[in-house]
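Student: What shape does this take:
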Amino acid sequence: MSVLPIADFLAGALLTLLLPVTLLIALVAWYWIFSARVPETGDGPDTSTTPAAATPGPNVSETLPPEPKA
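Tutor: Model prediction:
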């Protein structure tokens, strides 16, 4: 215990306030730096003029092994 009992309270109060605020500032700075490195794309989403397939996915004949001939 310190000579001034109020000093222990003040240290605890300051740590309780400063640690979360410092963590928040560090996370915001990290996110800002990370998002600055992501390249900008001005093209937008790719759109296609061809219609989608009626049954998307692999054909059943492509996924099954060939049947043995008897």
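
Student: from here on, contacts and neighbour counts on C-alpha atoms
Tutor: Will do.

Student: Could you report the pLDDT at residue 16?
Tutor: If you check residue 16, the pLDDT there is 90.

Student: repeat for the one 4 residues further on
Tutor: At residue 20 the predicted local confidence, pLDDT, stands at 94.

Student: That one: helix or strand, and which one exactly?
Tutor: With the criterion set as DSSP states H and E, the secondary-structure element containing residue 20 is helix 5-36.

Student: If you count contacts, what does that helix end up packed against?
Tutor: The criterion is 3 or more C-alpha pairs under 8 Å, 6 or more residues apart in numbering; DSSP states H and E, and there are no helices or strands that helix 5-36 contacts.

Student: what stretches of the chain score poorly on pLDDT?
Tutor: Low-confidence segments of the chain (pLDDT under 70): 1-2, 42-49, 51-65, 70.

Student: can we see that at 90?
Tutor: Within the chain, the segments meeting pLDDT under 90 span 1-15, 34-70.
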